[in-house]
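Peer 1: predicted model and sequence follow; I will ask about them next.
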Amino acid sequence: MIDGATYVIDCGRSSTTQFARAGLRFDGLRSIFITHLHADHIADYYNYFLLAGSIPNQETRDALANPVSVFGPGPAGGLPEKFGGGQAPTVSAEDPTPGLAAFTEKCHDAFAYSSNVFLRDTGIRDIRTLVDVHEIAVPDVGASYTMTSPRMDPFPVMEDDHVAVTAVLVPHGPVFPSFAFRFDTAHGSVTFSGDTSYSDNLIALARGSDVLVHEAINVQGPNVSLPPAAMDHMLQSHVEVQKVGAIARAAGVRTLVLSHLSDFDEEPLDPVRWRKWIEPEFDGEIVIGDDLQRIPIPSSL
């Protein structure tokens, strides 16, 4: 939230519910930024328009006030080989790698009956008028679904009267495009890693940020028993908590916030143990993220 305007980064399961529980208002939502198109980052995306865009909440009288700009990946352009070789089924073979624009259109189509009935018997707004999709154009750095994250400089995505947003590609296994985003405001700067393994692009994007929100996993310990394909995915797609402190230090950030947490040894994870893994590499403020947390951004002016 920046001076009353709200920006959402990814829309995982129950995102709209948690948005309301956090005390945020849908009529203040300016933009949504999607890092990549894995289901756990877009499961609740369409609900911002399907549910929050229709009839105002009876208690708060809240609903989307204006169309929301959405920024995210375009089509991948191809699929990776199956882990271990062999063939895998292909869903929607006629369009197996849709980008955010096609994904949104397919959601419109999938909910057509519900929308058409409500348009006629309750007078809701046409959902298609509430979402303004912008597929992020990737600079010509040789990136593709086979070269997902070549070295690159941060590039501009969007700027309005509250924030300037820049991005880079980050390596998230075979997923392409997968973005990290940086938000620069009059009050300070925040960088969101998205899902990523170690990335020099991310370090360059985050350099000097007041806050770095970075994903982290733990796959070390006696209770870890991931099958080979799952372990390969985790190590190719994420950063181990034992290594994330060095990333924050290299980027020179003031505060490290861990998000998108997975501990395959302990459930629930132990924040004290996670903090001890980070402290030898990073002497700034460390926050182990939790649901509905509010983290103020100190002014850098």
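Peer 2: Arrived safely, thanks for sending.
Peer 1: residues near residue 138, how many?
Peer 2: 19 (other CB atoms under 10 Å). Just so you know, the C-beta spots here come from the backbone N, C-alpha and C atoms, and that holds for glycine as well.
Peer 1: tell me the contacts of the spatially closest residue to it that is not a sequence neighbour?
Peer 2: Nearest non-adjacent residue to residue 138, counting by CB to CB, 6 or more residues apart in numbering: residue 177, 5.8 Å away. Residue 177 makes contacts with 36, 73-74, 76, 136, 138, 143, 148, 169, as judged by CB atoms under 8 Å, 6 or more residues apart in numbering.
Peer 1: how about residue 31, nearest residue that isn't a chain neighbour?
Peer 2: Residue 31 sits nearest to residue 69 (CB to CB, 6+ apart), 4.5 Å away.
Peer 1: kindly report the same for residue 57.
Peer 2: Of all residues beyond its chain neighbours, the one nearest residue 57 is residue 63 (6.9 Å), with distances taken as CB to CB, 6+ apart.
Peer 1: the one you found against residue 52, yeah?
Peer 2: Yes: in this structure, residue 63 is within contact of residue 52 by CB atoms under 8 Å, at 6.0 Å.
Peer 1: now for these two: what residues contact both?
Peer 2: Overlap of the contact sets of residue 63 and residue 52 (by CB under 8 Å, 6+ apart) consists of residue 26.
Peer 1: so for those two, which sits in the more crowded spot?
Peer 2: More neighbours surround residue 52 than the other of residue 63 and residue 52, with 22 against 18 (other CB under 10 Å).
Peer 1: so who does the more buried one touch?
Peer 2: 16, 19, 26, 29, 62-64.
Peer 1: got it, and residue 134?
Peer 2: Contacts of residue 134 (CB under 8 Å, 6+ apart): 69-72, 158.
Peer 1: now swap in residue 292 and tell me
Peer 2: 18, 21-22.
Peer 1: out of those residues, which one sits closest to residue 113?
Peer 2: Of all the contacts of residue 292, residue 113 sits closest to residue 18, with 27.8 Å by CB to CB.
Peer 1: surely the closest one and residue 291 touch.
Peer 2: Yes: in this structure, residue 18 is within contact of residue 291 by CB under 8 Å, at 6.6 Å.
Peer 1: okay, these two: which has more neighbours?
Peer 2: Shown here are residue 18 and residue 291; by other CB under 10 Å, residue 18 has more neighbours (14 against 8).
Peer 1: tell me, how many residues neighbour residue 284?
Peer 2: 15.
Peer 1: go on, residue 78?
Peer 2: Neighbourhood size, residue 78 [other CB under 10 Å]: 12.
Peer 1: that one belongs to a strand, doesn't it?
Peer 2: No: counting by DSSP: H, G, I helix; E, B strand; the rest coil, one finds residue 78 to be coil, located in no strand.
Peer 1: name the nearest residue to it, sequence neighbours excluded.
Peer 2: residue 145 (4.3 Å).
Peer 1: ditto for residue 83
Peer 2: residue 229 (4.7 Å).
Peer 1: which SSE is that neighbour in?
Peer 2: According to DSSP states H and E, residue 229 maps onto helix 228-237.
Peer 1: now do the spatially most distant residue from the centre of the chain, the pLDDT please.
Peer 2: Distance to the chain centre peaks in the chain at residue 121, reaching 35.6 Å (criterion: CA atoms, centre = their mean). Confidence at residue 121, expressed as pLDDT, is 93.
Peer 1: then residue 4?
Peer 2: At residue 4, pLDDT is 91.
Peer 1: return the residues in contact with it.
Peer 2: By CB under 8 Å, 6+ apart, the neighbours of residue 4 are residue 28.
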